[in-house]
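> okay, sequence plus prediction incoming.
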Amino acid sequence: MERITGSIVALITPFTEDGAVNYEVLEQLIDFHLENDTDALLILGTTSESPTMTHEEDCEICRFTVNQVNGRIPVIASSGSNCTETVIDKSLRLQELGADAVLNISPYYNKANDSGMYHHFADVADAIEIPEIIYNIPGRTGINIKSSIIEELAQHDRIIGIKEASGNMSYIAEIAHLANENFAIYSGNDDMILPVLSMGGSGVISVIANMMPKETHDMVMTYLNGNAAAATAEQLRLMPLIKDLFIEV
């Protein structure tokens, strides 16, 4: 999979009133993003309600999405858990179902030591044949991945980038400095897309792109194509909506 630049939507999972996955609406959402310049889909993330879904539902959503996308854009599937063996098993299954890459969150609650943190990601990358993206969100997991560990993980051929949602620009600058030039940094916060891009970021894994996919894609590409003023104006215009999207869990 080539390096993804632009807007990766953290795609929601639609449900029927009785709690089943609504595949008719999911198909419509996938087509909506294909028509509106979304650069890749991230499925089964926490925006997708993955903590409340079964492994069987996860696998069926992956199968359905991969078939519907049919190779037109990359499909990244979240396989995260605080159990490394669970991540490996799930990643292998998602790989088998056609995912182009997996997203793996740091092991929440466990507060792993440095060696454990490193192996949580490296052992998964060793086990699979598709790329792995690290996910750092200490406000949810209770632990920040040390920049020195990111530097080491970035040397692995299959660890291609990070979804960075610490909100700490000093930390983001540090990992941008330490990681190699082939390691992609994606903003995990919609309110920090432009600051992350200014540090060499490749794009965003976005919530607001569920509603405004073309605008999110265009904002990233406007900046990367050299018009920082216009991209900044769009970032600021979207701020009230970005805030309102977190009004409820």
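Yep, it's here.
> just how off-centre is the helix or strand where Glu57 lies within its chain?
Remark: Glu57 resides in helix 55-69, with elements defined by DSSP states H and E. Centroid separation between helix 55-69 and its chain, computed with CA atoms, centre = their mean, to the nearest Å, is 17 Å.
> which outside residues touch the helix or strand that comes right after it?
Moving toward the C-terminus from helix 55-69, the next helix or strand (DSSP H and E) is strand 75-78. When contacts are defined by CB atoms under 8 Å, 6 or more residues apart in numbering, strand 75-78 is touched by residues 8, 40-46, 48, 50, 58, 62, 65-66, 69, 94, 97-105, 133, 135. The way it works is simple: take the backbone N, C-alpha and C, and place the C-beta from them, glycine included.
> over to stretch 30-43?
Applying CB under 8 Å, 6+ apart, the contact partners of stretch 30-43 are 4-11, 13, 48, 61-62, 65, 68-69, 72-78, 100, 103, 203, 205, 209, 213-214, 216-218.
> how about that stretch, which residues are buried there?
The neighbour-count check on stretch 30-43 (16 or more other CB atoms under 10 Å) flags Ile30, His33, Leu34, Asn36, Asp37, Thr38, Asp39, Ala40, Leu41, Leu42, Ile43 as buried.
> what mean pLDDT does it have?
For stretch 30-43, mean pLDDT is 98.
> quick one on the thing from earlier: which among the contacts of stretch 30-43 count as buried?
4-11, 13, 48, 61-62, 65, 68-69, 73-78, 100, 103, 203, 205, 209, 213, 216-218.
> what does stretch 170-177 rub up against?
Against stretch 170-177 from outside (CB under 8 Å, 6+ apart): 144, 147, 150-151, 162, 164, 166, 185, 195-196, 199-201.
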